[in-house]
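Undergrad: Structure for the following, please:
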Amino acid sequence: MRDTLYANVPFQLNEMTHHYGRNVHLVGNPFLLSQLATLCAKGVIQPQINRLVETLYVDLVKTVVNAEFPRKMVSLPTRMIDYTPQGLYQGEVIDPQVRVVTVNIARAGTLPSQVTYDLLNATVDPTVVRQDHIIMSRMIDAAESVVGSQIGGAKIGGDVDDAIVLFPDPMGATGGSLSTAITLYKEKVPGTPRRIITLNLIVTPEYLRKMTTDHPDVIIYALRLDRGLSPPEVFGTAPGALWEKERGLDDRQYIVPGGGGFGEIMNNAYV
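TA: Okay, here's the model as predicted:
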């Protein structure tokens with residue numbers, strides 16, 4: 001007789017209440033917020049920076065897998081099957097045959113995507129996991145303000161039909177780069193993805209507006225919302241309640257309070 005205890009395993013995402021729409025998830029996790037605060041603190045340098053980024057992305061990917069990935073019922077013999085026919089695990093597991101593509105947006109997204117790729121290879125069948133690479137850069141004007149983004153090259157390993165496509169990129173600032181990358185997949189890469197999901201450590205209200213406007217179908221997971229340059233009446237309100245007044249970007253399009261340019265600090269390269 002089968003025990004149905006694990007036939008429908010509940011998973012409840014702990015997230016902040018907000019008004020940005022149902023596809024935006026601001027993860028509520030005190031441990032990860034503490035790690036992220038350390039990562040963003042002045043004076044923290046390598047190798048601690050990349051170790052913290054790896055820790056944060058391992059847990060963020062696990063959260064997304066639990067919340068978004070399909071499951072299937074299995075009946076798997078344990079080592080006890082040699083002694084008793086009841087030596088079977090019967091219950092749900094993450095569907096090992098779900099196709100997954102993680103996209104490295106170089107250069108801040110390189111380590112997060114590699115962490116994602118390695119973890120997924122240990123979670124589902126490695127033959128259905130792929131990592132793509134896109135080289136992108138911000139375009140700035142004479143005042144060093146960001147005016148757009150451009151793709152300098154790409155290595156995309158095939159179609160994305162029925163795949164879950166992940167974009168692990170630490171800083172959701174303006175949303176320009178990610179929106180451009182997602183448009184590339186929608187318009188140029190064959191196949192219809194099952195889902196497109198962004199995984200960010202920090203996002204701004206401006207990023208959320210850009211992404212939810214350009215790609216309302218995209219699912220966003222973020223550990224922290226930064227709106228540090230908003231007027232005083234915004235502070236203390238639920239995120240998105242005064243969305244039109246919220247501001248998280250300075251005049252150079254850097255996030256405040258933020259943690260500096262992650263492409264720079266993760267690579268010790270400040271150009």
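
Undergrad: Please give me every residue in contact with R209.
TA: 175, 243 (Cβ atoms under 8 Å, 6 or more residues apart in numbering). In this view, the C-beta of every residue, glycine as well, is placed from N, C-alpha and C.

Undergrad: if I look at it, how far off is R224?
TA: 17 Å (Cβ to Cβ, to the nearest Å).

Undergrad: Same check on Y57?
TA: Using Cβ to Cβ, Y57 is found at 14 Å from R224.

Undergrad: quick check: longest helix of this protein.
TA: Across the chain, the longest stretch assigned as helix under DSSP state H is helix 48-68.

Undergrad: can you give me the offset of that one from its chain's centre?
TA: 9 Å (Cα atoms, centre = their mean, to the nearest Å).

Undergrad: Next, the residues that contact it from outside, please.
TA: 11, 13, 25, 27, 29, 31-32, 35-36, 38-39, 44, 94, 111-112, 115-116, 119-120, 123, 164, 166, 168, 170, 195, 197, 199, 201, 219, 221, 223, 262, 265-266.

Undergrad: And stretch 142-151, by the same measure?
TA: The set of residues that contact stretch 142-151 without belonging to it, under Cβ under 8 Å, 6+ apart, is 134-141, 173-174, 176-177, 180-181, 184, 251-253.

Undergrad: can you give me the end-to-end distance of it?
TA: 20 Å (Cα to Cα, to the nearest Å).

Undergrad: still on that earlier bit, can you flag the buried ones in the contacts of stretch 142-151?
TA: Listed as buried from these are 134, 136, 138, 173-174, 176-177, 180-181, 184, 253; burial here means 16 or more other Cβ atoms under 10 Å.

Undergrad: Wait, A222 touches N200, no?
TA: Yes. The criterion here is Cβ atoms under 8 Å, and A222 meets it with N200 at 4.4 Å.

Undergrad: So which of these two has more stuff around it?
TA: N200 (27 against 24; other Cβ atoms under 10 Å).

Undergrad: do you know how far the more buried one is from G172?
TA: Distance from N200 to G172, by Cβ to Cβ: 4 Å.

Undergrad: where do the contact lists of the two overlap?
TA: 207, 220, 222.

Undergrad: since we're on the first one, how many residues are nearby?
TA: What it means is Y207. 27.
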